[in-house]
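Chemist: Model the structure of this input:
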Amino acid sequence: MTTVYLPTRFKRTTINFILEDIINEDLHPKSDEFTFDFSRLTFIEPAAITLLSNLFEWLLHNDVKVYIDLPDKYGDKPNCPIKFLDDSLFFKEYLEKPLYEDPHPRVTTLPLTKVHYTNSQQWIDNNFKPWLARRLDVHVSRLDTISMCIGEVFNNIVDHTDTEIGSVFAQHYPQTDCIKICVADFGIGIAKNIQEKYDANLTDREALILSIKEGFTTQDTPRNRGAGLATLVKNIVTQNKGAVCIMSNSGILSNKIHSEAGIIATDSYSYYPGTFIEIVLNTTNIEQILDHEEEFEWEF
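Modeler: I've put the predicted structure just below:
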């Protein structure tokens with residue numbers, strides 16, 4: 001049994017602290033049983049929730065037993081991360097029941113969900129778009145461009161994994177004018193898929209750079225699904241001045257919200273199984289990627 005302590009402040013940038021305890025050099029789990037200790041946790045962000053969910057899924061997929069160790073006392077302080085996770089339905093998913101009798105997903109939260117690729121468009125239309133429309137106070141008809149970007153994320157999941165399931169979570173932060181949408185899968189990863197189908201000599205970082213090149217695809221038949229990740233970067237980074245982070249295997253592409261600088265490619269010192277994609281919408285500049293409202297004229 002191996003105990004993994006979650007970081008005090010669990011963010012996308014601190015996932016590496018626990019990956020080294022879980023994955024060996026051969027890219028296999030280091031143990032057949034892991035206990036995740038939440039006692040040190042004081043803060044968790046949407047990216048970390050999705051990454052942790054994806055990591056649990058990867059371990060379970062590899063027939064590893066996963067246990068959760070909670071602190072003796074939680075929920076008594078404002079912004080308690082344990083209560084936030086419970087309200088986000090994390091514990092309902094992995095403990096098969098919530099910690100509290102009746103957890104209430106917050107209006108600013110689109111709770112953790114596992115979405116199968118074949119149902120992804122239905123989830124976008126019936127769950128994501130109505131929630132986002134309420135948060136932005138716009139009609140759902142104006143969200144086609146944004147929903148197309150999310151659809152391309154799911155397209156990449158099915159292109160680069162044999163699981164066809166993604167963990168999804170979203171959170172609105174009105175005080176900082178942003179909405180974070182996170183999707184993760186535990187397949188072979190975008191980077192490895194590109195190396196296998198295109199060029200084995202590419203590093204993970206180089207493979208990810210190629211993945212956002214307009215017109216690039218590893219598919220023999222593009223299936224008329226749009227322009228891939230290039231569409232995501234163009235709309236969110238260039239038009240919205242938002243942010244995108246793509247993390248796959250040992251490669252990372254990212255930029256900062258509000259920044260004029262483009263995507264920066266870096267190498268990670270740890271290995272992330274599968275692919276993680278975070279989209280940060282800049283709500284102060286949201287009109288740049290909202291579709292125009294149609295005006296209907298009736299003639300009698």
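
Chemist: show me where pLDDT drops low in this protein?
Modeler: Under the criterion pLDDT under 70, the flagged ranges of the chain are 160-162, 216-227, 293-300.

Chemist: longest strand of it?
Modeler: strand 264-282 (DSSP state E).

Chemist: and that strand, which strands flank it?
Modeler: In its sheet, strand 264-282 lies beside strand 178-185 (antiparallel), strand 243-254 (antiparallel), with partners assigned from DSSP bridges.

Chemist: Let's see the longest one as CSV, backbone CA atoms only.
Modeler: In other words, strand 243-254. Extracted in CSV, the C-alpha atoms of strand 243-254 (Å, rounded to 0.1, in the frame of the first residue of the first chain):
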residue,chain,number,x,y,z
ALA,A,243,-6.1,30.7,-22.1
VAL,A,244,-5.6,27.1,-23.2
CYS,A,245,-3.5,24.5,-21.6
ILE,A,246,-2.8,21.1,-23.2
MET,A,247,-0.9,18.6,-21.2
SER,A,248,-0.1,15.2,-22.6
ASN,A,249,2.5,12.7,-21.6
SER,A,250,5.6,14.8,-20.9
GLY,A,251,4.7,17.8,-23.0
ILE,A,252,2.8,21.0,-22.1
LEU,A,253,1.3,23.8,-24.2
SER,A,254,0.0,26.8,-22.3
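
Chemist: and it, how far from the chain's centre?
Modeler: In terms of CA atoms, centre = their mean, to the nearest Å, the centre of strand 243-254 is set 11 Å apart from its chain centre.

Chemist: Kindly report the same for stretch 102-110.
Modeler: Average the C-alpha atoms of stretch 102-110, do the same for its chain, and the two points are 18 Å apart (CA atoms, centre = their mean).

Chemist: Of all the residues in it, which ones are buried?
Modeler: The neighbour-count check on stretch 102-110 (16 or more other CB atoms under 10 Å) flags Pro103, Thr109, Leu110 as buried. In this view, the C-beta of every residue, glycine as well, is placed from N, C-alpha and C.

Chemist: Any chance you could list what contacts it?
Modeler: The contact list for stretch 102-110 (CB atoms under 8 Å, 6 or more residues apart in numbering) reads 86-89, 92, 111, 127-128, 131, 134-135, 168-174, 181.

Chemist: just to revisit the earlier point, okay, the strands paired with strand 264-282, which one's buried deepest?
Modeler: strand 178-185 (a mean of 25; mean count of other CB atoms under 10 Å).
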